[in-house]
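Undergrad: Dropping the sequence and predicted coords here.
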Amino acid sequence: MPGNELADSRIYVVDDVEANRTLLGTILRRGGFEHVDSFGSGLDVLKAVARSEPDIILLDLRMPGIDGLEVLRRLQTQRGDAPFLPVVVLTADESTQSRREALASGANDYITKPFDATEVLLRVRNLLQTRALHLRLHDRNADLSEQVDVAREDLAGREREWADVARALADLEARESPEETAKQICVEVKRISEMASVMIIAVDAGGRAIPLAMDGGYDIGVTVNRPIPAELVDRWRGRVGRDPWVGPWQPELGASLQRVPSDPTTAVAVIPLTVTRGDLGALIAMTSVPHGVDYLQARLPVLTSFGALAGALLAPGILERQRRGAIRGEIEDLLADASFRPVFQPITELRTGRVIGFEALTRFADGTRPDRRFADAAAVGLGTELEAATINSALQASALLPDDAWLSLNVSPDFLLDDGRPATLLSRRGRRALVLEITEHVAIDDYERVRGAVAALGKGVGVSVDDAGAGYASFRHILELRPGFVKLDLGLVRGIDSDEVRQALVAGIVYFAERTGCRLIAEGVETETERARLQKLGVEFGQGYLLGRPLPIEAIMDRSAGDHLTQGARSSRWGRP
């Protein structure tokens, strides 16, 4: 389900084929979106947008009359400077030319038919989140514009400096990165207030002070994006709270901050940048004029105005970095403490009940879902490190598994392409046969490189495509990787004993497997009737709670746990695949 903010989003679906409109409407409503309107022509949706603008449009590219490209062009003219409205083009045409035409005409994303429900929902949610950010930024800019207008009225009768301040505030805007935004603020503060040096620092997730930008760098011996020494920061935190502060320059700071003592600094002003959720950092201004404290006190209102604007413009970027930094810290602590353990779920032969392999899974000590933890690690650049650590743990524990059972390991394309690491880790497996599971939920940009990486691991290492029929690439992973095993997603398996549509689809996959030489493993087998139906359809292997739950190696080695492991199977003997 989408978050509360997104659930109320209005979605327009445009397609001249009613079945496509119905299918998309069903996918979106099941995904939690209730406000879905459908249109059968480009003209109808243009009229609808003019009356009431949606939050996103799903637009068929090829339609009679006004086609999707013309709709995109008219939307740009019709909406003018209105806030960002995402448009996702829907088409069965996968050609590069069509994609380029759509994107050049103003489309923001591109989905090919037939639709993958998960992909549609993910792309819609991502673009709705982007629109929400644009709208918030638009509202924030509007609020800032109002604040600047009020400031201009207040400063109308004052000296030229204040008029210059008002113009500078009005011109400042969020740039592509926090560093670029901070740099323009520093330049303007230094120009207007005639400071010797101006610096903006951000506070990271660990509480460190990180310079984002400075002007007057010849006199300041700090570097952008390199933490200021902790002892220096701690010394000043005791003096500066959440309110603007002005004080004399401390001589002991010279060795830490000043590189060229051309004009000795006399005073410093610190303007904290804060939000309700915590500290963002500070704007720091230094002067070298005589009686520097009085000089900065007189200009404190100007500096405070720039500090307020800096906080508003920099808050989204700094808070996002703090969030990512906190996640990275959690992952680093998890890796340092090895706060996880492997568990192993048996893979059995459906006909005999023999356990012929095990899939290694990971359980985290804090109870975090594995898919969430691995996704967070990948998002902060620690995905392959976490994979390597958990794979290494699984390989060590698997030494106690029966020698004649293969071991399945879940790996990402990034891990396989991490130069040298897979070969080093997997060489520790001993003689055990390995199967590397690659999920269809992860895109592969270069299949040839992935195939080469697997081949380089030598004999005894095979490939399995996981989540078949439910993933990002549909069946392309299977066609390109030519795996030895294909795992049927539990969405196909669940309820197959009473669903003729699922039975027909699995029967087709069984035929495909027979013709291509791969072997099928059904995931999520939970009932005896499901197992019997899968076996009758020709599926060779199975995995699921009926056949054995994921257990730590100690439980597997225990005889009573071993009896529980094979509950529902007709034999507890081990066998090769």
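TA: Ah, there it is.
Undergrad: count of neighbours near I327?
TA: 17 (other CB atoms under 10 Å). C-beta here means a position set from N, CA and C on the backbone, and glycine is covered the same way.
Undergrad: Touching, it and G381? I think so.
TA: No: taking contact to mean CB atoms under 8 Å, the distance of 10.4 Å between I327 and G381 leaves them out of contact.
Undergrad: Next up, identify which helix or strand M286 is on.
TA: Following DSSP states H and E, one finds M286 within strand 278-287.
Undergrad: What are the contacting residues of the following helix or strand past that strand?
TA: Secondary structure here is assigned by DSSP H and E; on that basis, the next helix or strand after strand 278-287 toward the C-terminus is helix 292-298. Outside helix 292-298, the residues that touch it by CB atoms under 8 Å, 6 or more residues apart in numbering are 246-249, 265-269, 285, 287, 289, 303.
Undergrad: do that again at 7 Å, thanks
TA: Applying CB atoms under 7 Å, 6 or more residues apart in numbering, the external contacts of helix 292-298 come out as 246-249, 266-267, 269, 285, 287, 289.
Undergrad: Inside strands: which ones of the residues you listed?
TA: Helix and strand membership here follows DSSP state E; of these, those in strands are 246-248, 267, 269, 285, 287.
Undergrad: so how far is Y545 from the residue most central in space within the chain?
TA: With distances taken as CA atoms, centre = their mean, A379 lies nearest the centre of the chain, 5.2 Å away. Distance, A379 to Y545, using CB to CB, to the nearest Å: 31 Å.
Undergrad: Kindly report the same for E18.
TA: Taking CB to CB as the measure, E18 falls 41 Å from Y545.
Undergrad: can you check A365 too?
TA: Computed as CB to CB, the A365 to Y545 distance reads 23 Å.
Undergrad: okay, those two: which has more neighbours?
TA: More neighbours surround Y545 than the other of A365 and Y545, with 14 against 11 (other CB under 10 Å).
Undergrad: what's near enough to touch A174?
TA: Residues in contact with A174 (CB under 7 Å, 6+ apart) are 137, 181, 313.
Undergrad: Check those against A399 and report the nearest one.
TA: Comparing the contacts of A174 against A399 with CB to CB places T181 closest, at 53.7 Å.
Undergrad: Please, which helix or strand holds that closest one?
TA: Taking DSSP H and E as the definition, T181 sits inside helix 178-193.
Undergrad: I'd like the average pLDDT over whichever helix or strand comes after that helix.
TA: Proceeding C-terminally, helix 178-193 gives way to strand 197-203 as the next helix or strand, assigned by DSSP H and E. Mean pLDDT, computed over strand 197-203, is 89.
Undergrad: contacting residues around the helix or strand containing R372?
TA: In this structure, R372 sits in helix 370-379 according to DSSP H and E. Defining contact as CB under 7 Å, 6+ apart, one finds that helix 370-379 is touched by 327, 331, 361-362, 364, 383, 386.
Undergrad: give me that answer again for 6 Å
TA: Applying CB atoms under 6 Å, 6 or more residues apart in numbering, the set of residues contacting helix 370-379 from outside is 327, 331, 362, 364, 383, 386.
Undergrad: what do you get for stretch 224-233?
TA: Counting by CB under 6 Å, 6+ apart, stretch 224-233 makes contact with 208-211, 222, 256, all of which sit outside it.
Undergrad: Then stretch 404-419?
TA: Taking CB under 6 Å, 6+ apart as the criterion, the residues outside stretch 404-419 that touch it are 357-360, 384, 387, 391, 398, 422, 432-437, 442, 444, 450, 453, 574, 576-577.
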